Every structure is written in C-alpha cells, then in structure tokens.
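J.: coordinates only, sequence not included:
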C-alpha cells in the first residue's frame with residue numbers, strides 16, 4: 001500500500017533558533033509548541049530533510065523547501081511505565097512462583113518476575 005506522507009513532497013519550512021529555543025514554521029503553521037525537537041539534514045544534490053520529534057506535552061536558522069518526516073519517539077520509558085501500571089501484583093507473584101525456570105539461585109524470584117513480565121509484554125502467557 002502506498003500511503004502518502006509528509007516526506008513525499010517538499011514543504012515550506014522556516015526555522016529560527018536562538019540558543020535553547022527554536023521556532024519551527026511548516027507551510028505557514030507554527031509547530032514549535034507541538035515539538036520536542038527537530039533534526040535538519042542536508043546532503044549535496046538532495047533537498048534538505050527535516051525530521052520533527054513530536055512533544056508528548058503540547059506546551060539554528062533555515063528558510064526554504066525541505067522534505068519533512070515525523071519521527072517516532074524512541075524513549076520506551078512511558079510505554080514501560082504504562083504497561084507496569086496494569087500489572088496485578090498477586091497475578092505476578094503467582095505466575096512467577098509457578099514458572100518452571102526457578103533454579104534456587106539468589107534472586108530467583110526477581111529473575112522469575114522479570115522473565116514473566118517480559119513474557120506478558122511479548123504476548124506470551
């Protein structure tokens with residue numbers, strides 16, 4: 001399936017940076033408050049590539065055409081925290097104690113709990 005993205009056609013981009021802050025305007029719309037950051041890359045013979053990093057909270061200079069891509073966040077912390085919030089401690093205790101990989105080693109229960117959490121995170125029961 002060929003789905004069109006921002007990167008398919010160049011967009012008008014204006015970036016004004018002054019130290020720790022930047023204003024990023026894309027096709028006339030100020031995107032600054034919706035961004036956690038951006039990367040601007042330009043290789044000889046190609047139009048610039050602007051990668052936008054959306055901010056989880058909605059709270060240098062360049063002026064010209066650029067291909068634009070929206071990056072996925074790579075910080076797994078929020079997803080891991082959300083997963084752990086939904087873990088039933090009693091169910092985790094029971095599942096860890098019933099594992100067949102308990103070996104009597106130090107920290108075996110912690111190892112079993114971590115292994116069980118990995119199994120659940122990967123969709124195994």
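T.: Done, it's in. Remember, it's a predicted structure, so these values are computed and weren't measured experimentally.
J.: from the chain's centre, how far out does the helix ranked longest in the chain sit?
T.: Among the elements of type helix in the chain, defined by DSSP state H, the one spanning the most residues is helix 108-121. Between the mean C-alpha point of helix 108-121 and the mean C-alpha point of its chain there is a distance of 24 Å (Cα atoms, centre = their mean, to the nearest Å).
J.: What of stretch 113-123?
T.: 21 Å.
J.: contacting residues around that stretch?
T.: Residues outside stretch 113-123 that contact it (Cβ atoms under 8 Å, 6 or more residues apart in numbering) are 83-84, 87, 92-93, 95-96, 99, 101, 125. All C-beta atoms are positioned from the backbone trio N, CA, C, and that covers glycine.
J.: One more: stretch 26-35?
T.: Outside of stretch 26-35, the residues that reach it under the criterion Cβ under 8 Å, 6+ apart are 11-13, 22-25, 52-55, 58-59, 68.
J.: What's the ChimeraX syntax to select whichever of those residues are buried?
T.: The following ChimeraX command selects only the buried members of these, with burial defined by 16 or more other Cβ atoms under 10 Å:
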select :13,22,24,52,68
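J.: Could you identify the most distant pair in the contacts of stretch 26-35?
T.: In those, the most distant members under the criterion Cβ to Cβ are 12 and 59, with 25.2 Å between them.
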